[in-house]
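Enquirer: Dropping a prediction and its sequence here:
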Amino acid sequence: MEYQIRALQTQDLPTLVDLCRKHAEYEQASYDPVNKEKLLKEALFAEAPKLFCWVVESNQQLVGYASYTFDYSTWDAGMFLYLDCLYLEPECRGLGIGDAIMQKLKTIARQNACVNIQWQTPDFNIRAVKFYERIGGIGNNKVRFKWDL
């Protein structure tokens, strides 16, 4: 399968919102697409972006995305890259695209003097857990909480 990993463009936003919906469905989570295109545009294309995003394109169709932020770790006393989302359409999994994305993230993290890359995946997503372990990821047993406001 031929593909390219490229920066998200504004015209990709409607498809990104749909990929987010599919990602949430895959992770058995709820997702409300209302106003997401506008809010994502503001976060991604601001003068000082809060979020960064790449898309995976194949045959002029978007088939996946990866989004990330930069944050500061108190324990490490340094910046880290946080992989917020990584989603590939089912037919694109197992083809090395995830590896390519993770390598790009590693390069970006090093260019930004990050001490590490952090991410999470649901514990029931065994395929993702195995992938992340295979590339050298180390799991931390924690329970992630959220507080809706």
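Expert: Thanks, I have the structure now.

Enquirer: Figure out how far the lowest-mean-pLDDT helix or strand in the chain is from the centre of its chain.
Expert: Across the helices and strands of the chain, the lowest-confidence element by mean pLDDT, DSSP states H and E is helix 126-134, at a mean of 85. Taking CA atoms, centre = their mean, to the nearest Å, one finds helix 126-134 lying 15 Å from the centre of the chain it belongs to.

Enquirer: which residues are in contact with that helix?
Expert: 93, 98, 119, 121-123, 139 (CB atoms under 8 Å, 6 or more residues apart in numbering). Using the backbone N, CA and C atoms, a C-beta is placed for each residue, glycine as well.

Enquirer: how close does the residue nearest the centre of the chain sit to residue 68?
Expert: What sits nearest the mean C-alpha location of the chain, by CA atoms, centre = their mean, is residue 85, with 2.6 Å. Residue 85 sits 8 Å away from residue 68, taking CB to CB, to the nearest Å as the criterion.

Enquirer: For residue 77, give its distance to residue 116.
Expert: 12 Å.

Enquirer: which residues touch the longest strand seen in the chain?
Expert: Longest strand in the chain, counting residues (DSSP state E): strand 61-73. Residues from elsewhere that reach strand 61-73 (CB under 8 Å, 6+ apart): 3, 5, 8, 12, 15-16, 19-20, 50-57, 78-89, 91-92, 97, 101, 105, 108, 112, 114-116.
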